[in-house]
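> sequence and computational prediction follow.
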Amino acid sequence: MIEVSKGVAKATYPIDKLAAIAVQLAGGGYTVAQTAKAMEIQSELQAGKTVKAKGYTVKIIRSEEHTSELQSPMYL
């Protein structure tokens, strides 16, 4: 899931919206510079970083189900 917040307001989106969110944070257009910025934002989010842009704070959050799977002895 992707968590987007601005001030006290928060929203979550499915991970398949990552590219669209990155494009909006990069300026919403498709110029070479905006596309490069969107790719940079997407890479940072996939690396687990929190991104701040245009007044928004965006991060990828793991669901509890996914986290518990990773902690399962089967996955260690």
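Done, it's in.
> residues in contact with residue 54?
Applying Cβ atoms under 8 Å, 6 or more residues apart in numbering to residue 54 gives the contacts 24, 25. Glycine gets a C-beta too; all of them are placed from N, C-alpha and C.
> to clarify, my last question referred to residue 49.
Neighbours of residue 49 in contact, by Cβ under 8 Å, 6+ apart: residue 59.
> quick one: it from residue 29, how far?
23 Å (Cβ to Cβ, to the nearest Å).
> please enumerate the strands of the protein.
2-6, 9-13, 51-53, 56-60 (DSSP state E).
> any stretches of this protein with poor pLDDT?
Low-confidence segments of the chain (pLDDT under 70): 63-76.
> can you show me the helices along it?
18-25, 32-46, 64-71 (DSSP state H).
> adding mean neighbour count, write those out as TSV.
Below are the helices of the chain laid out as TSV (neighbours: other Cβ atoms under 10 Å):
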stretch	mean neighbour count
helix 18-25	18
helix 32-46	15
helix 64-71	10
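> mind putting the ones you listed in CSV, distance to residue 7 included?
As requested, the helices of the chain are exported to CSV (distance: least, Cβ to Cβ, whole Å):
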stretch, distance to residue 7
helix 18-25, 16
helix 32-46, 20
helix 64-71, 25
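> single out the most deeply packed of the strands of the chain.
Most buried of those by mean neighbour count (mean count of other Cβ atoms under 10 Å) is strand 56-60; its value is a mean of 17.
> what residues does that strand touch?
If you take Cβ under 8 Å, 6+ apart as the criterion, strand 56-60 is touched by 1-6, 15, 18, 21, 25, 41, 45-46, 48-52.
> try stretch 15-31
1-2, 4, 13, 34-35, 37-42, 45-46, 51, 53-54, 56, 58, 60.
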